[in-house]
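Engineer: have a look at this fold, sequence not included:
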DNA sequence: CGCTTTAGTTGACATAGGCAACAAAACATA
DNA sequence: TATGTTTTGTTGCCTATGTCAACTAAAGCG
């Protein structure tokens, strides 16, 4: 897979030399992410959502009542971006900003009924999409890939 | 690493539930890419380059004379983006658009002397950065991760 | 009571990607 | 040859994503 059929200036099929790229983790990660994201991202767009929205929505569903800043930290984002994300999710009636009982500055972000239904729906869809995209890997390879990435991310 | 210290409405440390996210390939890929990219990306910024520029530059160095569309296909991009990428690399005097001998529509993209020097320099740097980022993985795990990603990307 | 910090928000700005349109050139074919 | 189709590079528009600075309101702290 290091070489790929292309065309040179004579339009004859030629093989491209990828040099060191195939043995670079960053390069393979970039390509894999693009592939996996492109697939489910198209699906999410049908609901007016992005990958970022999906991740935050799942977090809210599993941790109702957190303030926006905590959500931002949890996804490695910042307050400014989280404002726009929550704006979108709230406009779609998937989450609600409620008054925080102990701090009048912050919002307790809770899931709506429609949000709960959306999460259930998307959880099913994302599993199906992942299984399809990772179809070339058997179950053992998939688990191995996942745990190696988790180990890398935990450092 | 599924849980992370945050704060609830009482500012007491609380553990966040990530639900299904940790077992999603897309989620782990996203985090890993951010981590690996953040490191080398900062380094590249010092040269006015991005990860995308680096990948294309390496390809041009190993395959001088290809037209822009072939380069775009090789990195899974498209013609429009490749125009901007080559614009940048050419402005930095790292590559040159030369006339293609057989097709007056297309450009033969070649590497300059400064581009060759930049590639040599960055090849050394990227290996050092990768070794540091992937430090939590032993050699066997690193190779395993790389080959699993390659298998996924080849499908 | 002041002083500092924090939560949320807004606006300006930069980057990256997708998509559509376009001219010039190459190609296919009747 | 003439005509229609495809390809290459290019540009502009739109969206997503991210940074940064500033601001208000509220909380925390001496």
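Structural biologist: Cool, got the structure. Computed from a prediction, not measured in an experiment: that's the story for all the values here. Numbering: from 1, shown residues only, chains lettered A, B, ... in the order given.
Engineer: I figured residue A:50 hits residue A:40, correct?
Structural biologist: No: checked against CB atoms under 8 Å, the pair residue A:50 and residue A:40 is beyond contact range at 10.3 Å. All C-beta spots, glycine's among them, are computed from the backbone N, C-alpha and C.
Engineer: quick one, what contacts residue A:62?
Structural biologist: Under the criterion of CB atoms under 8 Å, 6 or more residues apart in numbering or on different chains, the contact list for residue A:62 reads B:16, B:17, B:18, B:19.
Engineer: with residue A:149 instead?
Structural biologist: Taking CB under 8 Å, 6+ apart as the criterion, residue A:149 is in contact with B:25, B:28, B:29, B:31, B:32, B:145.
Engineer: on that earlier part again, the more surrounded of residue A:50 and residue A:40?
Structural biologist: Using other CB atoms under 10 Å in any protein chain shown, the more surrounded residue of residue A:50 and residue A:40 is residue A:40, with 22 against 15.
Engineer: could you check how far the more buried one is from DNA strand D?
Structural biologist: Between residue A:40 and DNA strand D the distance is 12 Å, computed by CB to the nearest atom of the strand, to the nearest Å.
Engineer: do the same with residue A:123
Structural biologist: When residue A:123 is compared with DNA strand D (using CB to the nearest atom of the strand), they lie 19 Å apart.
Engineer: my read: that residue touches residue B:20, true?
Structural biologist: Yes: judged on CB under 8 Å, residue A:123 makes contact with residue B:20 at a distance of 6.0 Å.
Engineer: shared neighbours of these two, which are they?
Structural biologist: Shared contacts of residue A:123 and residue B:20, counting by CB under 8 Å, 6+ apart, come down to residue A:58.
Engineer: can you map out the strands along chain A?
Structural biologist: A:5-7, A:13-15, A:95-99, A:107-111 (DSSP state E).
Engineer: before we move on, back to that, closest to DNA strand C among the contacts of residue A:62?
Structural biologist: The nearest member of these to DNA strand C, counting by CB to the nearest atom of the strand, is residue B:16 at 14.2 Å.
Engineer: what's the neighbour count on that closest one?
Structural biologist: Around residue B:16 sit 19 other residues, with neighbours defined as other CB under 10 Å.
Engineer: pretty sure it is touching residue A:74, no?
Structural biologist: Yes: the criterion here is CB under 8 Å, and residue B:16 meets it with residue A:74 at 5.2 Å.
Engineer: against residue A:34, how distant is the residue most central in space within chain A?
Structural biologist: Most central residue of chain A, judged by C-alpha distance to the mean C-alpha position with CA atoms, centre = their mean, is residue A:51 at 4.2 Å. Relative to residue A:34, residue A:51 is positioned 12 Å away (criterion: CB to CB, to the nearest Å).
Engineer: in chain A, where is pLDDT below threshold?
Structural biologist: Per-residue confidence of chain A (counting by pLDDT under 70) places the weak regions at A:1-14.
Engineer: let's see 80
Structural biologist: Applying pLDDT under 80 to chain A picks out residues A:1-14, A:39, A:155.
Engineer: which parts of chain A sit against DNA strand C?
Structural biologist: Taking CB under 7 Å from any atom of the strand as the criterion, the neighbours of DNA strand C within chain A are A:11, A:38, A:67-69, A:79-80, A:83-84, A:86-87, A:97, A:103, A:105-107.
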